[in-house]
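> how would this look folded up:
(one chain, ligands or ions: 1)
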Amino acid sequence: MNKIAAIIGGGVIGGGWTARFLLAGWDVIVFDTDPQSERKISEVMKNARASAPYLIDGEMPAEGKLSFAKTLEEAVSQASWIQESVPERPDIKRVVYCQIQVACSKEALIGSSTSGFTPTELQEGASDPSQIVVTHPYNPVYLLPLVELVASPATSDEQIARAKEILSSISMKPVHIKGEIDAHVGDRLLEAVWREALWLINDDIATTDVIDDIMTHSFGLRWAQMGLFETYRVAGGEAGMRHFITQFGPALAWPWTKLMDVPELTDELIDKIASQSDAQSGAHSIRELEAIRDKNLISFLRSLKSHNWAAGAFLNEVDAARKASSNGLSDPDLTKPLALHKGRVMPDWIDYNGHMTEYRYGHVFSDATDAVLTAGGMDKNYLDKGYSFYTVETHIRHLGEMALGDEYTTTSQIILWDGKKLHLIHEMKNKDGDIVATGEHMLLHVDQNKGASALAHAPVSDGLAKLAKAHEALAIPDYSGRSVGVKK
Ligand SMILES: NC(=O)c1ccc[n+]([C@@H]2O[C@H](COP(=O)([O-])OP(=O)(O)OC[C@H]3O[C@@H](n4cnc5c(N)ncnc54)[C@H](O)[C@@H]3O)[C@@H](O)[C@H]2O)c1
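Below is the predicted model of the structure:
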C-alpha cells in the first residue's frame, strides 16, 4: 500500500485532513472545485505547521508532498485513501462517489467526513458500496485525534481493519461505532446542546457570550478530561454513579430542557445570533481565532500528556509507538558519544526573552539521561522492582540560544560507572551541529525499598558497564569537572 491520500473537497475539514496526512508523511493530492482552495489550504497548513509538531515528543516524520489536481479522476487514481469532504448534501456526495469509483483503485478506501449521513445512505447507487465508510473527524483535524468510523454491512471486516490501520498510522484514534444512526455519536450529543442553546437565545435568557462563558469556565473544562460519565461518577460523591442517577434522575422527567422541540430559525433569530456573535468575537478574524484555538488546544493536550490521561494518554502511546519503530535506539554506535535523544523547543519552554528558558535545559538533559538508562537496560519492569537512579549533582553550561520550534539533538558520554555511581556528560546541539548547552551529572543507583543507594542489578548493571567500557576510549571533554567561577 502506498502512502498517497486524495482529498476531495478542501474546505474547513478537507484542509484539516490534508494537514493531518501531510504531517504524518503521506503525499496528498487535493481536488476542489473552488479556485481559492489552494490559497485556503496554504493558510490551514500554516496554522497546522505552527501547532501540530508540538504535540509530539520525539521525531516528526518528514512532511509529505502536497499537490493540487485539475480533475477529480487525476486526484484519486493513485491514492490508497480517499477522503471525501464536500458539502453535507447526499446528492453531491453520491455524484462524487460515482466519479471517484470510475477512476480509483479497487483496493482504495473512501472515507466520508459526513457529520450526519449513514454509510448505507451514502452508498446508494455506488458501483462498489463496500469501499465507502464514514470517517467523521473533529475540527481541527490536524490536532484532534478522534475519528468516528462507521461501516455498513457491505464493508468487510478486512476493509474496516485496514481503515483503522491507516487512520492509526496518521496518529488518529479511530472509534468503530457498530450501529448506523444519523449523526453517529458525537454530533448527536452536540446537537442536543446546540438546540438548547438556540432556545436560550431565542427566549432572551442568555446571549452567545454568556453561554460560551458558562461552558468555557465550567463543564467544558471537565469534558476535555473526563467526559460525561466519569465526571458524573465523581459528582455522585463516594456513592458514585448510582447515587448520581438517584439524585438527578427525576429531573429528566420534569424536564429542565426543551430538547424535543426546535426553535424556528427565522431571519430574526439568525440575525440575533449572528450579531451577538459579532459583538462577542468580531474583533478577531477567523484565522486569528483558529490560531488562538490551536495554541490553547496544544497547551491542554500537553497538560493531559503530562498526566498521561484521556487524549494525552493516547498521544503518549503514539509517541511510544513511533519511538519503538525508529531504529536509532536498539543498536547505538558505541565508538562515539551516544546519540539517543532529539526533539524541538516547545511553546511552553519560551521565556520573556523569547528564548528557551533555563530550566528546560535541565528537562532536555533529564530526557537524555533517561535515554542512556534505557539503552543500559532500565525499563518499567526494573523500576517496578523499586530500583532507580537519582540525580545528585548537575552542572549546566549555556553556550547558545534556542528559539520556538528549533530542533535539537543530544549526545551522551559515560565518564564513570562503578555499579552505583553514574557520571554523565550530555551535549545539546542545534540543527547546524553547534553545541548550545552541556550538562554534567552525577547519579546514584537507589533501592527505593530500602530508601538507600545500592549496587545496580542485572540487566542495568551489565548494560551500563558495556556502554561505559566502550566510552573509556573517548577523550573526556576539557570542561568536565569545571565549577562555576571566573577564570583567573
Ligand atoms: N465544519 C465542521 O466542523 C465539520 C466537522 C466534521 C465533519 N464535517 C463534514 O465535512 C464535510 C465538509 O464540511 P466543511 O465544513 O469542510 O465544508 P466547506 O464548505 O468548508 O468545504 C466544502 C468544500 O467542498 C468543495 N466542493 C463542493 N463541491 C465539490 C465537488 N463536487 N468536488 C470537489 N469539491 C467540492 C467546496 O468548494 C468546499 O471547498 C461535510 O460533510 C461536513 O458535514 C464538518
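> Point to the helix or strand of this protein where mean pLDDT is at its lowest.
For the chain, the helix or strand with the lowest mean confidence is helix 240-248, at a mean of 88 (criterion: mean pLDDT, DSSP states H and E).
> Quick check: buried residues in that helix?
Neighbour-count burial for helix 240-248, counted by 16 or more other Cβ atoms under 10 Å, picks out Phe244. Just so you know, the C-beta spots here come from the backbone N, C-alpha and C atoms, and that holds for glycine as well.
> Could you identify the helix or strand that succeeds that helix?
Counting by DSSP states H and E, the next helix or strand C-terminal to helix 240-248 is helix 267-281.
> Which residues in that next one does the neighbour count mark as buried?
Neighbour-count burial for helix 267-281 [16+ other Cβ under 10 Å]: Lys272, Ile273, Gln276.
> Count the neighbours of Gly451 for me.
A total of 9 residues lie near Gly451 under the criterion other Cβ atoms under 10 Å.
> give the contact list for it.
Contacts for Gly451 (Cβ atoms under 8 Å, 6 or more residues apart in numbering) come out as none.
> okay, it: pLDDT?
Among the per-residue scores, Gly451 holds a pLDDT of 96.
> how far away is it from the ligand?
Distance, Gly451 to the ligand, by Cβ to the nearest ligand atom, to the nearest Å: 53 Å.
> ok, the buried residues of helix 267-281 vs the ligand, which is closest?
Ile273 (16.9 Å; Cβ to the nearest ligand atom).
> Now the residue in the stretch 151-300 of the chain that the ligand sits nearest to: closest residue in space that isn't a chain neighbour?
Here the stretch 151-300 of the chain gets closest to the ligand at one residue, Asp187, 7.8 Å apart by Cβ to the nearest ligand atom. Distances taken as Cβ to Cβ, 6 or more residues apart in numbering place Ser115 nearest to Asp187, at 5.0 Å, with adjacent residues excluded.
> about what we covered before: could I get the buried residues of helix 267-281 as a markdown table with distance to Gly451 and pLDDT?
Output for the buried residues of helix 267-281, formatted as a markdown table (distance: Cβ to Cβ, whole Å; pLDDT from 0 to 100):
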| residue | distance to Gly451 | pLDDT |
| --- | --- | --- |
| Lys272 | 66 | 95 |
| Ile273 | 62 | 95 |
| Gln276 | 61 | 95 |
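> For the least confident helix or strand of the chain, which helices and strands make contact with it?
helix 229-235 (3 or more Cβ pairs under 8 Å, 6 or more residues apart in numbering; DSSP states H and E).
> in the helix it packs on, what's buried?
Tyr232, Arg233.
> and it, average pLDDT?
Here the average pLDDT along helix 229-235 is 90.
> got a list of contacts for it?
With Cβ under 8 Å, 6+ apart as the criterion, helix 229-235 contacts Phe219, Arg222, Trp223, Met226, Gly240, Met241, Phe244.
> Write out the residues of the stretch 101-250 of the chain neighbouring the ligand.
Residues of the stretch 101-250 of the chain that fall close to the ligand, judged by Cβ under 6 Å from any ligand atom: Ser113, Thr114, Ser115, His136, Pro137, Asn139.
> rerun that using 8 Å as the cut-off
Residues of the stretch 101-250 of the chain found near the ligand (Cβ under 8 Å from any ligand atom) are Ser112, Ser113, Thr114, Ser115, Gly116, Phe117, His136, Pro137, Tyr138, Asn139, Val141, Asp187.
> which of the residues you listed are buried?
Ser112, Ser113, Thr114, Ser115, Gly116, Phe117, His136, Pro137, Tyr138, Val141, Asp187.
> Mind checking which of those residues are in strands?
Among those, DSSP state E puts Ser112, His136, Pro137 in strands.
> Format these as CSV; extra columns: pLDDT.
CSV is the format used below for these (pLDDT from 0 to 100):
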residue, pLDDT
Ser112, 98
His136, 98
Pro137, 98
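> which among these gets closest to Gly312?
Nearest to Gly312 among these is Pro137, at 18.9 Å by Cβ to Cβ.
> looking at it, that closest one is touching Thr114, isn't it?
No. Pro137 lies out of contact with Thr114 (Cβ atoms under 8 Å); the separation is 10.6 Å.
> outside of the helix ranked longest in the chain, which residues touch it?
Across the chain, the longest stretch assigned as helix under DSSP state H is helix 286-306. Residues from elsewhere that reach helix 286-306, judged by Cβ under 8 Å, 6+ apart: 43, 47, 50-51, 54-55, 57, 140, 143-144, 224-225, 281, 284, 310-313, 315-316, 346-348.
> Tell me the buried residues within the residues you listed.
Going by neighbour count (16+ other Cβ under 10 Å), the contacts of helix 286-306 have 47, 50-51, 54-55, 57, 140, 143-144, 225, 310-312, 315-316, 346 buried.
> Whatever residue of the stretch 351-488 of the chain ends up closest to the ligand in helix, strand or coil?
Using Cβ to the nearest ligand atom, Gly405 is the residue of the stretch 351-488 of the chain that sits closest to the ligand, at 27.2 Å. Of the three states, Gly405 takes coil under DSSP: H, G, I helix; E, B strand; the rest coil.
> wait, what's in contact with it?
By Cβ under 8 Å, 6+ apart, the neighbours of Gly405 are Pro53, Tyr54, Arg344, Val345.
> List only buried entries from these.
Here, 16+ other Cβ under 10 Å leaves Pro53, Tyr54, Arg344, Val345 buried among the contacts of Gly405.
> so where's this protein uncertain?
326-331 (pLDDT under 70).
> Domain map for it?
4-183, 187-283, 327-471 (automatic domain parsing).
> can you give me the strands in the protein?
So, for the chain - with DSSP E - the strands run 4-8, 27-31, 66-68, 81-84, 109-112, 132-137, 146-150, 173-177, 338-344, 387-398, 407-417, 421-429, 435-447, 452-453.
> Export these as CSV, with columns for distance to Lys466.
Shown next, in CSV, are the strands of the chain (distance: least, Cβ to Cβ, whole Å):
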stretch, distance to Lys466
strand 4-8, 43
strand 27-31, 42
strand 66-68, 45
strand 81-84, 44
strand 109-112, 47
strand 132-137, 47
strand 146-150, 43
strand 173-177, 39
strand 338-344, 12
strand 387-398, 17
strand 407-417, 10
strand 421-429, 13
strand 435-447, 16
strand 452-453, 22
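> and the domains of the chain, which is most packed in?
domain 4-183 (a mean of 19; mean count of other Cβ atoms under 10 Å).
> dump the residue contacts of Glu358.
Asp351, Ile396, His398.
> Not counting sequence-adjacent ones, nearest residue to the last one?
Meaning His398. Excluding its sequence neighbours, the residue lying closest to His398 (Cβ to Cβ, 6+ apart) is Ala437, at 5.5 Å.
> Report the beta-bridge partners for that neighbour.
Ala437 has these beta-bridge partners by DSSP bridges: His398, Met428.
> Equivalent analysis for the one 4 residues further on, please.
Here His441 sits in beta bridges with Thr394, Leu424, going by DSSP bridges.
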